[in-house]
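Enquirer: please find the sequence and the predicted model below.
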Amino acid sequence: MSSSDPESSAPGLFLVGGVVKSRLTEQDVHVVRDHIASLLQVQNLVILIGSGASFHLGSPQTRNLDNSAVQALVEAASESLDETDTDLLSALNPENDGDLENLLNGLQLAASLAEQTGLSEVTLGNEKEIRSFTKAQIEQLKGKINVAFAHACQLPAPDCDLADPLEAHRQFLSRIVRSRRANLPRPKLFTTNYDLVLERALDKLGYPYIDGFSGTVERCLNLAYYGLDFHRVETTSQQVVARADSALYLHKIHGSLNWKPRVSGGTGVTTLEVVQVPEGSASIEEPVLIYPTAAKEGNSLSYPYSDLMRLLSDAVQQNDTAVVTVGYGFGDPHINRILLQSLAINPAINVLAVDPYAILDQQPLLQAVLDEDLVGKTLSAGGIETKDTPLASLAAGDDSRIAVLTGTAGEFVHMVDLLPESGLDLQMSAPAAVMNLIESLENFASVKKQEDTSDDD
């Protein structure tokens with residue numbers, strides 16, 4: 001985080017209680033590092049990960065999408081829009097303003113209107129052009145966009161050009177887990193993301209984790225498993241030796257690409273049970289996902305989301321708690337209420353929100369980074385104009401329990417560098433290192449055998 005060229009890098013700002021504590025220069029970057037290190041040692045550590053943590057892997061944008069971009073998203077999923085689809089898309093988005101959430105909301109409302117009124121068609125448009133669409137046509141476009149969105153969440157994206165796409169996630173998880181004292185409770189990870197990036201990174205590291213599923217051949221959601229833990233035992237006596245290292249809890253509060261509802265084999269009826277399936281094979285018609293629509297708050301009240309949200313609520317109300325949000329833009333009211341309520345009733349909680357873009361535009365950020373006198377002041381006192389976003393409001397609050405990290409340093413791949421070193425060589429995971437050692441020994445044995453055979457001849 002060098003400050004040699006702040007105009008090109010704009011490393012970022014660290015605020016606590018609305019006051020700038022660090023511009024992340026070489027002289028004061030230790031302020032944010034020390035703060036993060038202290039948070040990782042609290043009794044109850046809660047990590048909330050949003051889509052911003054996967055942008056470098058090609059996580060789909062839901063905003064700044066015009067109609068042509070929506071069409072490209074659909075075509076990338078091997079689908080296509082017919083003439084009716086494009087007409088409906090234009091009717092719902094005449095300004096071509098490109099917000100996927102608004103578009104899905106419009107489709108959902110149009111379909112609901114047709115069903116509620118019993119109309120065979122719904123008329124959409126303005127005084128210049130009016131067209132009627134059937135409920136089936138509306139559902140067709142909605143289904144195609146849902147398929148496209150789910151497909152776009154299969155990360156890393158095919159066009160991701162990173163040599164090691166999951167390196168930042170492995171470093172993040174390892175530093176979070178291995179920097180905590182061994183006697184502290186396991187970290188609890190909550191994510192709104194549907195992708196399997198966290199699971200892949202954990203598997204690569206060889207870390208055990210509890211994701212609320214039981215079983216092996218058929219894995220079924222069983223939230224009672226969040227009450228379990230991992231311990232090492234002596235193989236002969238089966239007596240507990242110690243608690244296993246590097247374990248954590250993973251909660252996917254908006255569902256996952258590899259979840260689907262169980263269908264009864266005898267009746268064909270869809271049950272409330274949720275099972276895991278290979279990525280990409282979950283039914284789009286019956287997804288276990290909360291899509292980015294206005295209905296997502298209502299959907300969060302149904303099973304299994306309601307139970308997962310309850311676990312989040314319970315986690316943030318414990319004594320000596322730290323909540324670290326990474327890539328979460330505070331755009332979900334049902335999650336925000338839980339976090340704000342915990343701040344209101346739990347004096348023993350600290351929150352660190354990490355986001356690179358949600359607080360300041362580029363020019364005000366550059367202005368702030370270059371202002372040496374800004375440290376110790378609020379952004380408003382320094383004449384810095386913030387965005388009109390939930391995170392900007394959070395950053396301006398005078399609650400000393402709330403800290404915010406923004407700017408380039410708030411990007412996931414850079415934020416990882418501010419975490420305490422884990423002492424683990426992350427260029428190669430432990431299981432991979434063992435496999436390479438075995439392979440090397442086998443190769444050596446093979447060569448030795450050939451040499452011995454040659455000497456005998």
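Expert: Yes, it's here.

Enquirer: first-to-last residue distance for stretch 303-322?
Expert: 27 Å (Cα to Cα, to the nearest Å).

Enquirer: er, stretch 94-101 I mean
Expert: 15 Å.

Enquirer: swap in stretch 232-247?
Expert: First-to-last residue span, stretch 232-247, Cα to Cα: 12 Å.

Enquirer: what is the distance between that stretch and the centre of its chain?
Expert: Its chain's average C-alpha position is 32 Å from that of stretch 232-247, according to Cα atoms, centre = their mean, to the nearest Å.

Enquirer: over to stretch 344-359?
Expert: 16 Å.

Enquirer: got the CA coordinates for it in CSV?
Expert: In CSV, the C-alpha atoms belonging to stretch 344-359 read as follows (Å, rounded to 0.1, in the frame of the first residue of the first chain):
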residue,chain,number,x,y,z
ALA,A,344,-29.0,-0.9,18.9
ILE,A,345,-29.2,-3.7,21.5
ASN,A,346,-25.8,-5.1,21.7
PRO,A,347,-23.1,-2.7,23.1
ALA,A,348,-20.5,-5.4,22.8
ILE,A,349,-20.4,-5.5,19.0
ASN,A,350,-18.0,-3.9,16.5
VAL,A,351,-18.7,-3.7,12.7
LEU,A,352,-16.1,-3.3,9.9
ALA,A,353,-17.6,-2.7,6.5
VAL,A,354,-15.2,-3.1,3.5
ASP,A,355,-16.3,-1.8,0.1
PRO,A,356,-14.2,0.0,-2.5
TYR,A,357,-16.8,2.0,-4.4
ALA,A,358,-20.0,2.6,-2.4
ILE,A,359,-18.9,5.7,-0.3
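
Enquirer: quick check: mean pLDDT across that stretch?
Expert: The average pLDDT within stretch 344-359 is 95.

Enquirer: in it, which residues are buried?
Expert: 349, 350, 351, 352, 353, 354, 355, 356, 357, 358, 359 (16 or more other Cβ atoms under 10 Å). Just so you know, the C-beta spots here come from the backbone N, C-alpha and C atoms, and that holds for glycine as well.

Enquirer: again with stretch 223-239
Expert: Quick answer for stretch 223-239 (16+ other Cβ under 10 Å): 223, 226.

Enquirer: can you get me the start-to-end distance on that stretch?
Expert: End to end - Cα to Cα - stretch 223-239 spans 26 Å.

Enquirer: one step back: among the buried residues of stretch 344-359, which lie within strands?
Expert: 349, 350, 351, 352, 353, 354 (DSSP state E).

Enquirer: now do the contacts for the residue positioned nearest the centre of the chain.
Expert: In the chain, the C-alpha nearest the mean C-alpha coordinate belongs to residue 50, at 3.3 Å (Cα atoms, centre = their mean). Contacts for residue 50 were tallied using Cβ atoms under 8 Å, 6 or more residues apart in numbering; they are 191, 192, 193, 325, 326, 327, 328, 329.

Enquirer: quick check: closest non-adjacent residue to it.
Expert: Nearest non-adjacent residue to residue 50, counting by Cβ to Cβ, 6 or more residues apart in numbering: residue 328, 3.2 Å away.

Enquirer: OK, contacts around that neighbour?
Expert: Counting by Cβ under 8 Å, 6+ apart, the residues that residue 328 touches are 48, 49, 50, 52, 192, 335, 353, 355.

Enquirer: which one of the buried residues of stretch 344-359 is nearest residue 399?
Expert: residue 351 (8.6 Å; Cβ to Cβ).

Enquirer: any idea how far the closest one is from residue 92?
Expert: Going from residue 351 to residue 92 by Cβ to Cβ, to the nearest Å gives 37 Å.

Enquirer: go on, residue 125?
Expert: From residue 125 over to residue 92 (counting by Cβ to Cβ), the distance is 10 Å.

Enquirer: which of those two has more residues huddled nearby?
Expert: More neighbours surround residue 92 than the other of residue 125 and residue 92, with 21 against 15 (other Cβ atoms under 10 Å).

Enquirer: any idea whether the nearest residue to the more buried one once chain neighbours are set aside is helix, strand or coil?
Expert: Closest residue in space to residue 92, ignoring its immediate chain neighbours: residue 106 at 4.2 Å, by Cβ to Cβ, 6+ apart. At residue 106 the chain is in helix, as set by DSSP: H, G, I helix; E, B strand; the rest coil.

Enquirer: touching, residue 106 and residue 90? I think so.
Expert: No. Using Cβ atoms under 8 Å, residue 106 is not in contact with residue 90, being 11.7 Å away.

Enquirer: what ranges do the strands span in the stretch 151-300 of the chain?
Expert: Listed in chain order, the strands of the stretch 151-300 of the chain (DSSP state E, counting those that start in this stretch) span residues 188-191, 209-210, 213-214, 220-221, 231-233, 240-243, 248-252, 259-263, 270-276.

Enquirer: and the third one, which strands flank it?
Expert: Listed by DSSP bridges, the sheet partners of strand 213-214 and their directions read strand 220-221 (antiparallel).

Enquirer: what residues does the partner strand touch?
Expert: Contacts for strand 220-221 (Cβ under 8 Å, 6+ apart): 212, 213, 214, 259, 262, 273, 274, 275, 276, 304.
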